[in-house]
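Participant: Got a predicted structure here, sequence first:
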Amino acid sequence: MKITLSPESIEQLALTISGDNRRSQYLRGVDLIDFFNQLGDQDEYGQGFPTRWIYAKEKIEKANGSSRLKLIIEKLFDPRRFLNTGISADETASFLNDYFELDGFVLKKSSKSYKVIKLNTLVVIDEKLFSNVDSANLDEYIEKCRSKINDGDFSGSITAARTLLEEVLLKAIEEKKGFRPKNSGDLIKLYKQLQNELSLSPQDYDVPGLKQILSGLISIVNGLANLRNEAGDSHATTYKPMGRHAELAVNCSVTVGNFVFASLKKNEV
């Protein structure tokens, strides 16, 4: 993902990386060189080394507008860099986000580290998603959906969206029956099983609008199963997806997943 910073944001990021603003650990010149060399540079410390934060600023300016800048920012928030420093990574991220938001992206906490997320991403994933169900797999697939969309890997995000929904259906059946079913990889078959278990079939209701919506959910499940084969990264693709189509697939997977778990929790539509 390529990102571009304003001059004001570059200055604040440089001061933070060097530690001159006391929002991260203080780095000596040799430490700063090591920081950037770990990202592929080959600089050496010696006579003529510039002011520390100016060195960081020059490195950021060189990376500005490229995918390398994302790596620099995320490396800054390696949680090990804040251990035993008395400095809060959360507070530092909040400080920088005041600048980054004006440039069209933010730092979002993922587990113990931070990821760069574009603000124009339309994926409707939040921290409360599936919060009533304990599944590490769901967290992993949700993060894959989010990161692949933001990295421009639209085929990969479609595959992740399909896998996310599959895990949702398996987990819902497990919660309902007390055991995890054998997974044949048939998304449509799994959903049909839950239709019976949770009364999700359109024919179970007399309200025309609700029947249409429930029929639409069946179409979404079928569409995700087929789209993964046509545009995902698991097979040779017949279609190269656009960003909005990948976002649509992920959002649909999340919508169906939330509805299934809500129905599981209340056992009602």
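Facilitator: That came in fine, so what should we check first? What you see is a predicted model, and the numbers here were worked out from it, not measured in a lab. Numbers count the residues shown, from 1 in each chain.

Participant: Centre-most residue in the protein?
Facilitator: Arg146 (2.6 Å; Cα atoms, centre = their mean).

Participant: Quick check: phi and psi on that one?
Facilitator: Backbone torsions of Arg146, given as degrees, to the nearest 10, read phi -60, psi -50.

Participant: Ok, Tyr114 next?
Facilitator: Note on Tyr114: its backbone torsions stand at phi -130, psi 150 [degrees, to the nearest 10].

Participant: and the gap between it and Ser157?
Facilitator: Separation of Tyr114 from Ser157 (Cβ to Cβ, to the nearest Å): 20 Å. (C-beta placed from N, C-alpha, C; glycine too.)

Participant: Run a quick neighbour tally on the spatially closest residue to Leu102 that is not a sequence neighbour.
Facilitator: Closest residue to Leu102 apart from its sequence neighbours, by Cβ to Cβ, 6 or more residues apart in numbering: Ser6 at 6.8 Å. A total of 13 residues lie near Ser6 under the criterion other Cβ atoms under 10 Å.

Participant: picking that back up, more crowded one of Tyr114 and Ser157?
Facilitator: Between Tyr114 and Ser157, counting by other Cβ under 10 Å, Ser157 is the more crowded of the two (31 against 23).

Participant: returning to what we had before: hang on, the residue nearest to the centre of the chain packs against Ile117?
Facilitator: Yes: using Cβ atoms under 8 Å, Arg146 is in contact with Ile117, at 7.2 Å.

Participant: just to revisit the earlier point, mind listing what the residue nearest to Leu102 touches?
Facilitator: By Cβ atoms under 8 Å, 6 or more residues apart in numbering, Ser6 lies in contact with Tyr99, Leu102, Asp103.

Participant: hmm, 10 Å instead?
Facilitator: Shown in contact with Ser6 (Cβ atoms under 10 Å, 6 or more residues apart in numbering): Gln12, Asn64, Tyr99, Phe100, Leu102, Asp103.

Participant: list the buried ones in the helix or strand of the chain with the lowest mean pLDDT?
Facilitator: Of all helical and strand segments in the chain, the minimum by mean pLDDT, DSSP states H and E falls on helix 136-150, at a mean of 78. Neighbour-count burial for helix 136-150 flags Leu138, Tyr141, Ile142, Lys144, Cys145, Arg146, Ser147, Lys148, Ile149, Asn150 (criterion: 16 or more other Cβ atoms under 10 Å).

Participant: what about the fourth one, distance to Ala89?
Facilitator: Same thing as Lys144. From Lys144 to Ala89 the distance is 23 Å (Cβ to Cβ).

Participant: Kindly indicate which of the buried residues of helix 136-150 lies nearest Gly216.
Facilitator: Cys145 (20.7 Å; Cβ to Cβ).

Participant: where do the helices sit along this structure?
Facilitator: Along the chain, counting by DSSP state H, helices occupy 7-18, 29-37, 52-63, 68-76, 89-100, 136-150, 154-177, 187-198, 208-231, 243-266.

Participant: Just name the most buried of those.
Facilitator: helix 154-177 (a mean of 23; mean count of other Cβ atoms under 10 Å).

Participant: With that, I have no additional questions.
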